[in-house]
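**Q** below are the sequence and a predicted model; questions follow.
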Amino acid sequence: MSGNRVAVVGAGMTKFVRRAQETAKELAWEAASKALESCEMTLDDIDAVVIGTAPEAFDGVHMNSEYLSDGCGGWGKPVIRGYVGGGTGVFSPIQGWYHVASGLFDTVLVVAEEKMSSCQPHPQGAFLTIFDNFIERPLEPNLLWIFALEMNAYMNRYGLSKRDIATVSVKNKRNAADHPAALLGDPNITVEDVLNSEVLAWPVQRLDVSPVTDGAVALVMCAEHVARRVTDKPIWVEGVGWSLDSAYWTNRDLSYPTYVEEAARMAYDMAGITEPRKQIHIAEPYDPFDYKELHHLEGLLLFDKGEAPRAAADGVTQRDGDLPVCPSGGLLGVGNPIAAAGTMKVAEIFWQLRGEAGARQVPGKPKRGLAQAWGDLMQVGTVIILGA
Amino acid sequence: MIRQVAIVGVGWSPFRSITPSISYKEMMYEAAVQAYRDAGIDPRRDVDSFVTVAEDFCEGTSIFDEYVPDQLGALHRPMHTITGDGIHGLAASVMQILTGRFDVVVLEGHSKASNILTMPYITAFAMDPVFNRPLAANPVFIAGMEMQRYLAETGTPLDACGQVVVKNRGNALINPLVEFGAELTVDDVLLSEPVAEPLTRLQCADHADGAVVMVLAAEEVAKTLTDTPIWVRGIGWANDTFWMESRTWGQAGYAYLAGQMAYRTAGIKSPRSEIDFAEIDDVYAYKELQHLEALGLCRPGEAGMWTLEGGTDLDGEFPVNPSGGSLGGGHMLDCTGLARTLEVVLQLRGKAGQRQLEDVETGLAFCWRGVPTTGGAAVILSN
Amino acid sequence: MKEHVYDTVYLRGKDFEEGNVLFETWDPNARYAWDTGVGMSRFLQELKAGRLVGAQCSGCCRVMVPPRMFCEHCFLPTDAFVPLQDTGTIVTFSLCYVTWDMIRIKEPQIPIVVAIDGASPGMGIMHLLGEIEPDAVKIGMRVQAVWKPAEERTASITDIAYFKPLEQGGSQ
């Protein structure tokens, strides 16, 4: 009853940079061509295209997927773009999954792109328009507000300090030093650097936040019979899940991401996972802010509520720990071109499970990994589980 | 297709040029309540996934996905937005059901076009920012250029474009869902003020507000919910090149490709004889003709004469836009294709009131994403 | 995996200063007049009158603020507007040193989520806090709306200028 089995067989990406010369279309093409090249396929082999990109306000183009379509390889093909804000980067591969699992297509090219630098004077300005048009936008809110409000609620609930949380930023920026596409890798960063960085919106400081980034990532996904033909190392989609909470975010308990738990349970159920802490070997939770990695690890049921910070401090989530978390370097280290960042996480799991992650390779030949993203008004969880 | 999928419930908020008394959320709620009642389901219990279609700049809100779950009863459920037309959303819903992991999926589309104060500027914002936008022209010129080329390539008489408007706005007169019904003559249409020649004002659909919600279900579930499931026989969608500098202006390549995919998935070899009627994008009058040809429902260059001869009238051999289409019902932004699909469902259920077609078994709905795009989607439904 | 990374062209400040790159600019002319509808219209009208109002669901009996025409949990229409107090409790807060377009400011803005008295537990709205030293803000603190003078109100959330600490009331 679960439709066709779906594999990821190729991945490619652009370098993540603060401001790229390439147009959005060109970035999309660069990533797409790298992904196709990686599995020795051409556009002729592709049946359909899935595009992921977050608010049009960054690229400054209305109906952005129409504009991007040819850069993503969609000329003359079925093209579709799904959208769940920051959760898009993991949702696009989920869409790739349902395209193939439906039996309608054998091969799908998934391209996630974000060119945030087009939005001037600062991409943060575009975020003003994500707030409620009636009762929030008149207050001229900053995007950082909602994260600061959520971070504070999380810290307050479990009595956490900034130091407990800063270790995430340090780990991820150090991990990113080994990522060839990273914008902010730093092998020498310390907790003190994070704690001493400029305060933006307390408790959020500069080094708690991932950077504004331009970049694109692409995956090739296909049905089993194609996968067997094109590679001897297909990586299978074992589970997918997504869930959306209420838009009335000021009515919700911000200290726990219920929607992430719901998405995770859906994915675990599909993957037949009953003990995620044993059965997930490597995780790429969404980390646009350092506290989010911890928040999400709890939502993913990989740690008890309020316990992720201690595990992080104990080294459990280091690349050589019991549960390597964000071995890529995450959004904090590799960069955060919104939709592309989530897909980067899926690509990382793909490379790790194939043993192709180079200097970032986690020890012990992981067999199963999870990537998760989050978005809208702190409201949506998207989860994909891949297995070797 | 590997699993049968049916539309088992529909609901709508009437299509009106302005809707000042309700917010977009309330409009969607109204349509949703009606659709759930129609399908006999409780959204908090019986739905596996929700899909909505919206474009941020049509809403004036970035990441509009945020503001959808509550009024659909979708919170704490899988829900996502498709930034496409309603028929793209239908495709996403159908694919989810075909995976076997979802049995009931709800699809929503809406338009609050009346709330957009700077529509031509928003449309222009969809053009290539480097090559085309600096020309700072109202994007309707693209339709004018396309129409010019289409007429020249096919020899279609202008009168045929006028007749599309006369027919569709005439059909709208007997459709209580819509409000742009009018008794016009071909001269009224062709002599109305030029917008982007040869396009005149009455050949362009006005905008309308409204919402449509549909409930889709897998075969086993559909049969338990309704005696009149409307089956999704086939679906297709495609994009042509976005570049204005290299597109084929005379023909709608995206419609050809989307149609071919829909026919392939439906197992249809001869669309004209296997399909009884169609609801086809007519945001500009010539588009109905161009799309009919691209979809293979008549031969290239013949749609105009066919229309003038009454072949696509309500009582013609192949009725096109019995609802009145966008010309008669309004262009509803991302909901346009769902408005077309809704009429196909109502006709196939035999619930189209005064405009009911006789003995119809299979209908096609086709949408286009509007200027400046070259994207479209088609769905084929049967009762 | 280096071979799978495309080497993007990375622009730096001097590329713009020295005119090494070209760019097109465009100011979007995107203006909207959103219909506020039944639930929100009432909320805004009441703000103009200096009052807060919620909506009650007949199913779960929750009193919701901001009010809405439907209950998202029960999926039933709400059937009554309920007057609320203009006091509440801070659920969470931030001290924000940058504006929405990332310009630094000396005195922080203090956004809060405030759970409104009279609404069901945890029902909050977002607003700003004033008349307080940033260091003194605490979660759980009791606060009250400071209304603009009646003649300056426009049926907007900004009819409440900000919230201020409630003299002596302790936490709820």
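**A** Sure thing, it's come through.
**Q** taking the stretch 1-150 of chain B, what residue is nearest to chain C?
**A** residue B:23 (2.6 Å; Cβ to the nearest Cβ). The way it works is simple: take the backbone N, C-alpha and C, and place the C-beta from them, glycine included.
**Q** surely that residue touches residue C:42?
**A** No. Here residue B:23 does not reach residue C:42: they are 11.4 Å apart, not a contact under Cβ atoms under 8 Å.
**Q** the two: which is more packed in?
**A** residue B:23 (25 against 16; other Cβ atoms under 10 Å in any protein chain shown).
**Q** backbone dihedrals for the closest residue to the more buried one other than its chain neighbours, please?
**A** Nearest residue to residue B:23 in three dimensions, chain neighbours excluded: residue C:37, at 2.6 Å (Cβ to Cβ, 6 or more residues apart in numbering or on different chains). The phi and psi values for residue C:37, taken as degrees, to the nearest 10, are phi 80, psi -170.
**Q** what's the separation between residue C:37 and residue B:376?
**A** 32 Å (Cβ to Cβ, to the nearest Å).
**Q** of the two, give the one with the bigger neighbour count.
**A** Set side by side, residue C:37 and residue B:376 show more neighbours around residue B:376, with 32 against 21, by other Cβ under 10 Å.
**Q** which ones are touching that one?
**A** B:85, B:237-238, B:252, B:254-255, B:258, B:281, B:291, B:366-369 (Cβ atoms under 8 Å, 6 or more residues apart in numbering or on different chains).
**Q** need phi/psi at it.
**A** Per-residue torsions, residue B:376: phi -160, psi 170 (degrees, to the nearest 10).
**Q** residue of chain A nearest chain C, please.
**A** Closest residue of chain A to chain C, Cβ to the nearest Cβ: residue A:148 (3.3 Å).
**Q** what residues are bridge-paired with the residue of the stretch 201-350 of chain B found nearest chain C?
**A** Residue nearest to chain C within the stretch 201-350 of chain B (Cβ to the nearest Cβ): residue B:209, separated by 8.6 Å. Per DSSP bridges, the residues bridged to residue B:209 are residue B:16, residue B:112.
**Q** that one contacts residue B:58, doesn't it?
**A** No. Residue B:209 is beyond contact range of residue B:58, at 11.3 Å (criterion: Cβ under 8 Å).
**Q** name the nearest residue to the spatially most central residue of chain A, ignoring sequence neighbours.
**A** In chain A, the centroid-proximal residue (Cα atoms, centre = their mean) is residue A:342; its distance is 1.9 Å. Leaving out its chain neighbours, the residue that sits closest to residue A:342 by Cβ to Cβ, 6+ apart is residue A:89, at 1.7 Å.
**Q** A strand includes the one you found, no?
**A** No. The assignment for residue A:89 by DSSP: H, G, I helix; E, B strand; the rest coil gives helix, which leaves it out of any strand.
**Q** give me phi/psi at residue 58?
**A** Chain wasn't specified; assuming chain A. phi -70, psi -60.
**Q** actually it's chain C I care about, not the one you picked
**A** phi -80, psi -20.
**Q** against residue A:160, how distant is residue A:261?
**A** Look at residue A:261 and residue A:160: by Cβ to Cβ, they are 19 Å apart.
**Q** low pLDDT regions in chain C?
**A** Residues of chain C that meet the criterion pLDDT under 70 lie in C:168-172.
**Q** where exactly do the strands run in it?
**A** Ranges of strands in chain C, per DSSP state E, are C:5-6, C:52-57, C:63-64, C:78-84, C:87-93, C:95-98, C:104-109, C:111-116, C:124-128, C:142-147, C:160-165.
**Q** then the stretch 201-350 of chain B?
**A** B:209-218, B:230-239, B:277-280 (DSSP state E, counting those that start in this stretch).
**Q** tell me how many other residues surround the closest residue to residue C:7 other than its chain neighbours.
**A** In this structure, residue C:7 finds its nearest non-sequential neighbour in residue A:15, 5.7 Å apart by Cβ to Cβ, 6+ apart. Neighbour count for residue A:15, taken as other Cβ under 10 Å: 22.
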